[in-house]
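1. no sequence on this one, just coordinates:
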């Protein structure tokens, strides 16, 4: 397992802001330090993308206001932490890791965060946002989420304008959760590499499957596809997770695969209230188990260099190409 000061695992999708706001709303402080530091250390995680996700009860009318409350709370928690650092580029990320800190990239999961206002996107960039997912599960003003595969209306006019602005601002575009027609609309519009921070492949049946053509499109953009660890198919264990990783390696190439497990152990109640019945993978239930992926990848015949690409270097390359 990697030590704190060694380059370890980079997690492409960790919903920490949702947990931070939950406990800060209850009066707790230093949530990152008190509730997440030890678990991340145990799992070998030295960096991660933390997206702002607005709970369903605030959508759509109160989503913009709630998003800013979550962002302010999350940033306030950093001021109370000695172990987490908000990073805005690769240089800052590597510097944080050298100091034994966990480097956190601020992201977004769902364009409801900005409503219809591209100016709000620029404001979030000033706050440090460097990754932007257009949708969660539902339709919004930008595109359609994965609950709309059969009535997907595609990327909207505003959505195209937002994609162009994301390119201009050098914010990494995240295509997790997006419906197929909307996916291809982004691919046609974006001029920089894109990522899927947390998704699945055709290796097993899953609600969040991406087709092989979608995997190839992410790779052809120069991007990275992160594999997630919930509802990954008919079998729910570490081996099934690595099946998805290996399928992505075969289709997209080892240089375009990452780890975005989307651990939801601290979001159970909120997700259940919204109708999501998520099932943990045996042997990969939370971030403390993430290091178990490494020996399993080795068993599948990957070299240490290839494993390192998957666990961190692919994301760092894409992050540098897009953000700097």
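-> The structure has been received and is ready for your questions. The model shown is predicted, which means the values in this text are computed figures rather than measured ones. Residues are numbered from 1 along each chain as shown.
2. Can you show me the helices along the stretch 1-150 of the chain?
-> Taking DSSP state H, counting those that start in this stretch as the criterion, the stretch 1-150 of the chain carries its helices at 16-24, 31, 37-43, 63-79, 90-98, 118-127.
3. Which among those helices is found nearest to residue 204?
-> With CB to CB as the measure, helix 37-43 is the member of the helices of the stretch 1-150 of the chain nearest residue 204 (22.9 Å). C-beta coordinates here come from the backbone N, C-alpha and C atoms, glycine included.
4. in the chain, which helix or strand is least confident?
-> helix 268-273 (a mean of 62; mean pLDDT, DSSP states H and E).
5. Now the element after that one, going C-ward?
-> Once helix 268-273 ends, the next helix or strand along the chain (criterion: DSSP states H and E) is helix 293-299.
6. From the contact counts, what lies against that following helix?
-> helix 238-252, helix 304-308 (3 or more CB pairs under 8 Å, 6 or more residues apart in numbering; DSSP states H and E).
7. Deepest-packed of those, please.
-> helix 238-252 (a mean of 22; mean count of other CB atoms under 10 Å).
8. now that one, how far from the centre of its chain.
-> Using CA atoms, centre = their mean, to the nearest Å, the distance from the centre of helix 238-252 to the centre of the chain it belongs to is 18 Å.
9. which other residues reach that helix?
-> 200-204, 212, 215-216, 218-219, 225, 227, 229, 232-233, 256-257, 259, 261, 281-284, 289, 292-293, 296-297, 300, 302, 306, 310 (CB atoms under 8 Å, 6 or more residues apart in numbering).
10. Which ChimeraX command selects the buried ones in those?
-> For the buried members of these, the matching ChimeraX selection, counting by 16 or more other CB atoms under 10 Å, is:
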select :200,201,202,203,204,215,216,218,219,225,227,229,232,233,256,257,259,261,281,283,284,289,292,293,296,297,302,306,310
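11. What separation do you get for residue 301 and residue 249?
-> 10 Å (CB to CB, to the nearest Å).
12. that older thread, could you dump the helices of the stretch 1-150 of the chain into CSV with distance to residue 154 added?
-> Conversion of those to CSV gives the following (distance: least, CB to CB, whole Å):
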stretch, distance to residue 154
helix 16-24, 28
helix 31, 38
helix 37-43, 37
helix 63-79, 21
helix 90-98, 33
helix 118-127, 19
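13. Just send these back as TSV, with mean pLDDT and distance to residue 139 too.
-> Listed next are the helices of the stretch 1-150 of the chain as TSV, based on pLDDT from 0 to 100; distance: least, CB to CB, whole Å:
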stretch	mean pLDDT	distance to residue 139
helix 16-24	96	21
helix 31	97	31
helix 37-43	97	34
helix 63-79	97	13
helix 90-98	96	33
helix 118-127	97	19
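14. Which of those sits closest to residue 166?
-> Using CB to CB, these put helix 118-127 closest to residue 166, at 7.3 Å.
15. So what touches the closest one?
-> 64, 71, 75, 106, 108, 113-114, 132, 158, 161-162, 165-166, 169, 171.
16. Of these, just the buried ones, PyMOL syntax please.
-> Of these, the buried ones can be selected in PyMOL as follows, counting by 16+ other CB under 10 Å:
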select buried, resi 64+71+106+108+113+114+132+158+162+165+166+169+171
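17. now, which of the contacts of helix 118-127 sits nearest residue 41?
-> Closest to residue 41, out of all of the contacts of helix 118-127 and judged by CB to CB, is residue 106, at 20.8 Å.
18. and that closest one, how far is that from residue 216?
-> For residue 106, the distance to residue 216 - CB to CB - is 29 Å.
19. what's the answer for residue 22, then?
-> 38 Å.
20. for residue 98, same thing?
-> In terms of CB to CB, residue 98 sits 35 Å off from residue 216.
21. give me the number of residues near residue 55?
-> 18 (other CB atoms under 10 Å).
22. Double-check it against residue 15; I have them as touching.
-> No. Judged on CB atoms under 8 Å, residue 55 makes no contact with residue 15 at a distance of 11.1 Å.
23. low-confidence ranges in the protein?
-> 1-6, 207, 231-235, 265-278 (pLDDT under 70).
24. hang on, residue 11 packs against residue 50?
-> No. At 9.1 Å, residue 11 does not count as touching residue 50 under the criterion of CB under 8 Å.
25. Looking at those two now, which is surrounded by more residues?
-> Neighbours were tallied for residue 11 and for residue 50 using other CB under 10 Å; the higher tally belongs to residue 11 (31 against 25).
26. which residue sits closest to that one, ignoring its sequence neighbours?
-> residue 48 (4.0 Å; CB to CB, 6 or more residues apart in numbering).
27. number of nearby residues for that neighbour?
-> Residue 48: 24 neighbours (other CB under 10 Å).
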